[in-house]
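>>> the sequence and its predicted three-dimensional model are supplied below.
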Amino acid sequence: MEAKGFVVPPGGGAVWDIEPGRSAALKLVGGQTAESVMLFEETAPPGTATVLHLHHDSDEVAYVLSGEITFLIGDKVTVGGPGSCAFMPRTVPHAWKSTGAEPGRVLFLYTPAGAGRLFEEGVGHPMSSFSDGEFEALARRHRWEVVGPAPL
């Protein structure tokens, strides 16, 4: 598949309303980029945290636009503010938490795009609509592995 160039305008792209106040605006998806990258902007209220997880087939990059995000990558904890960039290699356990007083806004990029398909499938389905088993199956389908509870 060959990718064609394009521009996503402000406000463009599907949005996954993950939970109240938390959303992911999908800007680039695998089907548009010949599966090379997937990019989305996430808004995360203070206290939002991910479980400890890894991606088997995709590297992940996070670029903090605003707020404060604390990252755990492997065994290292780092606090990042606006302009901070984190690299989470495939197969390395990682997690993050919005630790500032204001909501965090973060650009996330997966390369190749495979791990990002979880977000594409999430559009139209808030987290509360998934049973634990359904979400775990979705994660496995896109080569995510949950390795522990939220550590931060």
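Sure thing, it's come through. Numbers count the residues shown, from 1 in each chain.

>>> what is the residue nearest the centre of the chain paired to in the beta sheet?
With the centre of the chain defined as its mean C-alpha position, the nearest residue by Cα atoms, centre = their mean is residue 108, 5.4 Å away. Beta-bridge partners recorded for residue 108 (DSSP bridges): residue 40, residue 62.

>>> my read: it touches residue 60, true?
Yes: in this structure, residue 108 is within contact of residue 60 by Cβ atoms under 8 Å, at 6.5 Å. C-beta here means a position set from N, CA and C on the backbone, and glycine is covered the same way.

>>> how far away is the residue nearest to the centre of the chain from residue 7?
Going from residue 108 to residue 7 by Cβ to Cβ, to the nearest Å gives 20 Å.

>>> now stretch 62-76: average pLDDT?
Regarding stretch 62-76, the rounded mean pLDDT is 99.

>>> and the helices in this protein?
Per DSSP state H, the chain carries helices over the ranges 117-122, 132-141.

>>> out of those, nearest to residue 75?
helix 132-141 (22.4 Å; Cβ to Cβ).

>>> residues touching that closest one, excluding its own?
53, 117, 118, 121, 122, 127, 130, 145, 146 (Cβ atoms under 8 Å, 6 or more residues apart in numbering).

>>> got a PyMOL select line for the buried ones in the residues you listed?
In PyMOL, this line selects whichever of those come out buried by 16 or more other Cβ atoms under 10 Å:
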select buried, resi 53+117+118+122
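
>>> just send the contacts of helix 132-141 back as TSV, with pLDDT and distance to residue 65 too.
As requested, those are exported to TSV (pLDDT from 0 to 100; distance: Cβ to Cβ, whole Å):
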residue	pLDDT	distance to residue 65
53	96	22
117	86	23
118	87	21
121	82	24
122	84	21
127	83	22
130	85	27
145	93	28
146	92	26
